[in-house]
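Student: predicted structure and sequence below. I'll ask about it afterward.
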Amino acid sequence: MIAGKSPGIKYNEFLRTRKTYGDFHLRCEFKMTDPTGKANSGIQFRSAETEPRSHEVVGYQADMGQQYWGCLYDESRRKRVLAQASEAALAKLDKAGWNSYEIEAKGPRIVLRLNGVVSVDYTETEAGIAQSGFIALQLHSGPPLEMRWRQLAIREL
């Protein structure tokens, strides 16, 4: 298990892979402890540093927390939600317990699953968006939170 605990931080923090991934399937279980109800976290993928040793990264994010559970977000590039989570996936979410997240990225298509239910099925149409990069676990800036990830597995496609 990987655990990250924040007493409240000014900048996002990331635990990154050294290797870059293009087409892949990632599966993990996660649990967020959020005493304020205002915390946020996520899993970055096809991501890159904005500059060396910066706290900021750019790339896709399988989001979690606040109103972003199960969404696909574009971190520090377009800075917006690219696709909202499906109601069916959100209905299976246990905000206080363990959940599973799956990310499948193949070419321009990205599919996110929460607890086995598709939350996002997105196809990238904008030119120039990176098709590979590192994967990273995020602790978002802001209020205190604790994130736990376990059973992490990645398979290149």
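Tutor: Arrived safely. This structure is a prediction, so every number in the text was calculated from the model and none was measured.
Student: what bridges to the spatially most central residue of the chain?
Tutor: Centroid-nearest residue in the chain: residue 43, 2.3 Å away (criterion: CA atoms, centre = their mean). Bridge pairing for residue 43 (DSSP bridges) gives the partners residue 62, residue 137.
Student: you'd agree it is up against residue 60?
Tutor: No - between residue 43 and residue 60 there is no contact under CB atoms under 8 Å: 9.0 Å. (Glycine included, C-beta is placed from N, CA and C.)
Student: quick one: residues contacting residue 140.
Tutor: 12, 39-42, 65 (CB atoms under 8 Å, 6 or more residues apart in numbering).
Student: what's the separation between it and residue 157?
Tutor: Using CB to CB, to the nearest Å, we find residue 140 at a distance of 28 Å from residue 157.
Student: just residue 66 next, same as before
Tutor: Distance of residue 66 to residue 157, given as CB to CB: 31 Å.
Student: more neighbours, these two?
Tutor: Neighbours were counted for residue 66 and for residue 157 using other CB atoms under 10 Å; residue 66 has more, 15 against 11.
Student: tell me who's in contact with the nearest residue to that one once chain neighbours are set aside.
Tutor: Leaving out its chain neighbours, the residue that sits closest to residue 66 by CB to CB, 6 or more residues apart in numbering is residue 40, at 5.2 Å. The neighbourhood of residue 40, defined by CB under 8 Å, 6+ apart, consists of 63-66, 68, 140, 142.
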